[in-house]
Every structure is written in structure tokens, then in C-alpha cells.
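K.L.:
Here is a sequence with its predicted model. Questions after.
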Amino acid sequence: MIPLRQVVSEFDTAFEDEIVNRRNRKRTITVFADPEKGLATELFARVRPQVEALELPPGYSLEWGGEYKDSGNAQEALASTIPVFVLAMILVTIVLFNSLRQPLIIWLCVPLALIGVTVGLLSTGQPFGFMALLGFLSLMGMLIKNAIVLIDQVNIEAESGKELVTAIVDAGVSRLRPVAMAALTTALGMIPLLMDAFFASMAITIIGGLMFATVLTMVIVPVFYAMFYRA
């Protein structure tokens, strides 16, 4: 038995990190925050200017993660693939009608659907995030489908021997109920998602955009058709 004092002169208590967290091979301190109420995007908008105004010591840096980073990564992934699929949709409409003017009429109406989306999101206070972007992509497909149905009916009416103006009016009258009913049933199907915080922005994007897109289909598309074909 050897007394400890014969081999140790003194004791010195010092602090040491028991767990060292790293991200990208750099020592990292992660701060978590969840809102008690409301959306994380609203909390982030309030906190971000104050946090970024803090003076950091030399050698320190700040990086945002969580929902903000995940949403940004998802949108970047979509941004790289969306142009390919939009181009494919344009080519499909061109092949379908074997024309350039009729697909152009259809695609000129797609950006106008943003009016209904904007009104819906602003009136409900929802952000245009990743889920809203997915909703707009779905809305774009629905709008194109309705416009294709209407223009195809115009072509059928015109081929039957009617004057172009009469063909446009008759096609609009005959397609009004199917287009309106399709929009209404889709909007009703989205209502349960309004209660979900995750899917609410997507549902509002589809509902608001679809209601306005129905007006686009039944009013703007016939007007563009008459203008392009000088009816």
C-alpha cells in the first residue's frame, strides 16, 4: 500500500468539455428554439435580425439550420429539376395540338394563376414555402388540363363548321360546368388539410389558385384564343 501523497503533489480542478460536437470538422454549439405558437417561419423572421446583429469573437461564425436549411435544400433540389419537367409538359402540349399558338395560349395563363395564390396566402397569413411551391406545381397541372379541355372543345366546334366566335362561345358554355365542378371538388378535398400546420399553405395555394384559375380558363383562355386567331 502506497499513500497517494507520495506520488501526487497537489490537485487542480479544471473545466473540460465532456462532449465535443463537430459539424464539417469544426467545433459547433447548436442552439435550438421552437415557437410556443404560430409558425416557425414567423419566429425565424423575428429572431434572425437580432441574432445576426450580435458581434461574434474572432474565429467564430454563425449558420442557420433546422427548418430553414431543410426548406432551402429542398427548393434547390426542385429548382434543378422543374425546368426539365416544364419543358416536357410544353412539348406534350405542342405534340397534342400540333401547333404553337394553342400551347402558347395555355402557358400564358399559368403565370396569372399567381394572382389567386397570392390573394389566398396573404388573406390567411401563410408563407410561400416549400409546401406552397409543391401546391403551385400541382395547380399548374390542373390549370393546363382545364385549358386543354376547353381548347380541344373549341377545335371540335370549329371543325363542325361554326364560325370561330360562335365556336369559342359554345365551347365555353359546354365546358363551364365540367371545369367548375372539377375545381370545386378539388377545393373541397383540400379543406381537411387547412387544419394541418404542415399542409395548410399547400392547401390554400391550391384552393385560392384553383378558384381564380377557373376564371382564367373560362374567360382569359377564350379571349387569348380570339386574339391569336383574330376572331
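P.N.:
Received it, and whenever you're ready, just let me know what you need.
K.L.:
And the worst-scoring helix or strand of the chain on mean pLDDT, what's buried?
P.N.:
Least confident helix or strand of the chain, by mean pLDDT, DSSP states H and E, is helix 66-97 with a mean of 83. Buried residues in helix 66-97, counted by 16 or more other C-beta atoms under 10 Å: 67, 71, 89, 93, 97. Every residue, glycine included, has its C-beta placed from N, CA and C.
K.L.:
can you check stretch 194-205 too?
P.N.:
199, 200, 201, 202, 203, 204, 205.
K.L.:
for those residues, which one is nearest residue 142?
P.N.:
Lowest distance from residue 142 to the buried residues of stretch 194-205 (C-beta to C-beta) belongs to residue 205, with 11.5 Å.
K.L.:
now the closest one: how far from residue 138?
P.N.:
8 Å (C-beta to C-beta, to the nearest Å).
K.L.:
Skip ahead from the least confident helix or strand of the chain and say which helix or strand is next.
P.N.:
Downstream of helix 66-97, the next assigned helix or strand under DSSP states H and E is helix 101-109.
K.L.:
Could you list every helix and strand that that following helix packs against?
P.N.:
Here helix 101-109 touches helix 66-97, helix 130-159, helix 221-228, going by 3 or more C-beta pairs under 8 Å, 6 or more residues apart in numbering; DSSP states H and E.
K.L.:
Need the contact partners of that helix.
P.N.:
Around helix 101-109, the neighbours that count as contacts under C-beta atoms under 8 Å, 6 or more residues apart in numbering are 90, 93-94, 96-97, 143-144, 147-148, 151, 213, 216-217, 220-221, 224-225, 228-229.
K.L.:
Using CSV, write out the CA atom coordinates for that helix.
P.N.:
Extracted as CSV, the C-alpha positions of helix 101-109 are listed here (Å, rounded to 0.1, in the frame of the first residue of the first chain):
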residue,chain,number,x,y,z
ARG,A,101,-50.3,29.1,-80.9
GLN,A,102,-52.6,26.9,-78.9
PRO,A,103,-49.9,25.8,-76.4
LEU,A,104,-48.8,29.4,-76.1
ILE,A,105,-52.4,30.4,-75.2
ILE,A,106,-52.4,27.7,-72.4
TRP,A,107,-49.0,28.6,-71.0
LEU,A,108,-49.7,32.4,-71.0
CYS,A,109,-52.4,31.7,-68.4
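K.L.:
What average pLDDT does that helix get?
P.N.:
Regarding helix 101-109, the rounded mean pLDDT is 87.
K.L.:
tell me the angle it makes with helix 221-228.
P.N.:
Calculated by axes from the mean of the first three to the mean of the last three C-alpha atoms, to 10 degrees, helix 101-109 forms an angle of 130 degrees with helix 221-228.
K.L.:
gap between helix 101-109 and the chain center?
P.N.:
Relative to its parent chain, helix 101-109 has a centroid offset of 22 Å by C-alpha atoms, centre = their mean, to the nearest Å.
K.L.:
what's the angle between it and helix 130-159?
P.N.:
150 degrees.
K.L.:
what about this structure, any weak spots by pLDDT?
P.N.:
Scanning the chain for pLDDT under 70 picks out no residues.
K.L.:
ok so, going back, out of the buried residues of stretch 194-205, who's nearest residue 156?
P.N.:
Nearest to residue 156 out of the buried residues of stretch 194-205 is residue 205 (C-beta to C-beta; 32.5 Å).
K.L.:
on contacts alone, who are the packing partners of the helix or strand hosting that closest one?
P.N.:
If you go by DSSP H and E, residue 205 is part of helix 200-215. For helix 200-215, the elements it packs on are helix 113-124, helix 130-159, helix 164-190, judged by 3+ C-beta pairs under 8 Å, 6+ apart.
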